[in-house]
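In: coordinates only, no sequence provided:
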């Protein structure tokens, strides 16, 4: 069953703009929320992750915003670059159970 | 992070045949996870492979179709049996990070096309 809902399905952003991808989860037992980046022909790579006791985490141009009460979290990519063009997956996990969102295909136009 | 190697990276298979995918990790891990990623889709967990015990399968996946071996703490295989075109997918091996924070690391995947 779909436990993590991700939107939008696809996103086109101009170079230098901000890319925002949203996810919502259902199970309040989830305690770890990673984002993965996947390039064509490659496996998913961990990009950034957050735990529910923190409302925001920033690593370089990538920021996760987390709203525990709304059961939502989002990825913000600042100053988006063509090299950021990839598919992004959010996920939520507890223990060994990790559930993935449907993915967002990001295209950054030069 | 863990370095995960998968073989084959891609293959084209005939309907009705079986193919075994190998996964090698550069460190000893208790659990290895096998995921399927259908074209343009998300990742779905097939099974969890523990060394020394039977793999645990997720709903919708059965051992007869996806037998798994886990002979030691650094290696696992997934066999896709009696393949049909619907099995055309990327199959991914993954392991948890050693830091214990819950992150998963993935191999490059094995892209199977069934004709």
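Out: All right, it came through fine. Keep in mind that what you see is a predicted model, and the values were worked out from it rather than measured.

In: mind listing what's buried in stretch B:10-30?
Out: Within stretch B:10-30, the residues that count as buried by 16 or more other C-beta atoms under 10 Å in any protein chain shown are B:13, B:19, B:21, B:22, B:23, B:25, B:29. Quick note: C-beta positions are derived from backbone N, CA and C, even for glycine.

In: now do the phi/psi pair for residue B:90.
Out: Backbone torsions of residue B:90, given as degrees, to the nearest 10, read phi -100, psi 130.

In: who's in contact with residue B:103?
Out: Residue B:103 makes contact with A:32, A:34, A:46, A:49, B:96, B:97, according to C-beta atoms under 8 Å, 6 or more residues apart in numbering or on different chains.

In: just the buried members of the residues you listed?
Out: A:32, A:34, A:46, A:49, B:96.

In: contacts only, for the most centrally placed residue in chain B.
Out: The centroid of chain B falls nearest to residue B:34 when counting by C-alpha atoms, centre = their mean (3.3 Å). Contacts of residue B:34 were listed using C-beta under 8 Å, 6+ apart, and they are B:23, B:45-49, B:66, B:68, B:76, B:78, B:91-94.

In: am I right that it is in a strand?
Out: Yes. Per DSSP: H, G, I helix; E, B strand; the rest coil, residue B:34 lies within a strand segment.

In: ok, it to residue A:16 distance?
Out: 40 Å (C-beta to C-beta, to the nearest Å).
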